[in-house]
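Chemist: Generate coordinates for the sequence data below:
(2 chains)
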Amino acid sequence: KNEVEQSPQNLTAQEGEFITINCSYSVGISALHWLQQHPGGGIVSLFMLSSGKKKHGRLIATINIQEKHSSLHITASHPRDSAVYICAVFNNDMRFGAGTRLTVKP
Amino acid sequence: DVKVTQSSRYLVKRTGEKVFLECVQDMDHENMFWYRQDPGLGLRLIYFSYDVKMKEKGDIPEGYSVSREKKERFSLILESASTNQTSMYLCASGLTDVRFTGELFFGEGSRLTVL
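Modeler: Residues are numbered from 1 along each chain as shown, chains lettered A, B, ... in the order given. I've put the predicted structure just below:
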């Protein structure tokens, strides 16, 4: 079993919908990262969390340390949000989830 | 902005060929990493380096070697490419505190196909 599990693996939404991507992990961590990978391949960091909640524009990330769970929410989704979203946990080294492929249709 | 540049976006090589993947970062980061990414799997660490001329094995170093002669450059070498090394290769760099936070900056990736 992977130490970092993401769900769903694939997600298709209509423009404007509220999106939730989930991440569960089985190890102790010092930080959790949400990353975005566009079709070209490059990966950018969206959030780094160790507790609570962070918001950046239409993106919100939450983490529940006790439940070992994090969610990434996208409000008012747009086709340009189409990408692979990757959850990664850090404790001495990084462990990555397999990613969630999001497609937002106009 | 931090820039991590990978020399080749797409490569096609034949089995047995030697392959060099180059990565350069322009922010004076001490730490550099090579990952491979395969469908259905998370990124897996091949090698990393915390300083010039220093390297450490990651989770899947077999069939790979690395070189870090200068701080800004970290090269991944496939001595004799095999078809199971067909993959997306991602380079990343980070500041000293990457060991405490895991905050990484990634390149655009190099998609290697071995025929």
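Chemist: What strand or helix carries the one residue sitting closest to the centre of chain B?
Modeler: In chain B, the centroid-proximal residue (Cα atoms, centre = their mean) is B:W34; its distance is 2.5 Å. Of the helices and strands defined by DSSP states H and E, B:W34 is found in strand B:31-37.
Chemist: chain center to the very next helix or strand once past that strand, what's the gap?
Modeler: Moving toward the C-terminus from strand B:31-37, the next helix or strand (DSSP H and E) is strand B:44-49. Remark: strand B:44-49 is offset 7 Å from the chain centroid, using Cα atoms, centre = their mean, to the nearest Å.
Chemist: Report all helices and strands that strand B:44-49 contacts.
Modeler: In this structure, strand B:44-49 packs against strand A:93-96, strand B:31-37, strand B:56-57, strand B:65-70, strand B:73-78, with contacts taken as 3 or more Cβ pairs under 8 Å, 6 or more residues apart in numbering or on different chains; DSSP states H and E. (Each C-beta comes from the backbone N, C-alpha and C, glycine too.)
Chemist: quick one, which of the ones you listed is packed in tightest?
Modeler: Mean neighbours per residue, mean count of other Cβ atoms under 10 Å in any protein chain shown, is largest over the helices and strands packed on strand B:44-49 for strand B:31-37, with a mean of 25.
Chemist: Skipping its backbone neighbours, what lies nearest A:Q9 in space?
Modeler: Closest residue to A:Q9 apart from its sequence neighbours, by Cβ to Cβ, 6 or more residues apart in numbering or on different chains: A:T100 at 6.3 Å.
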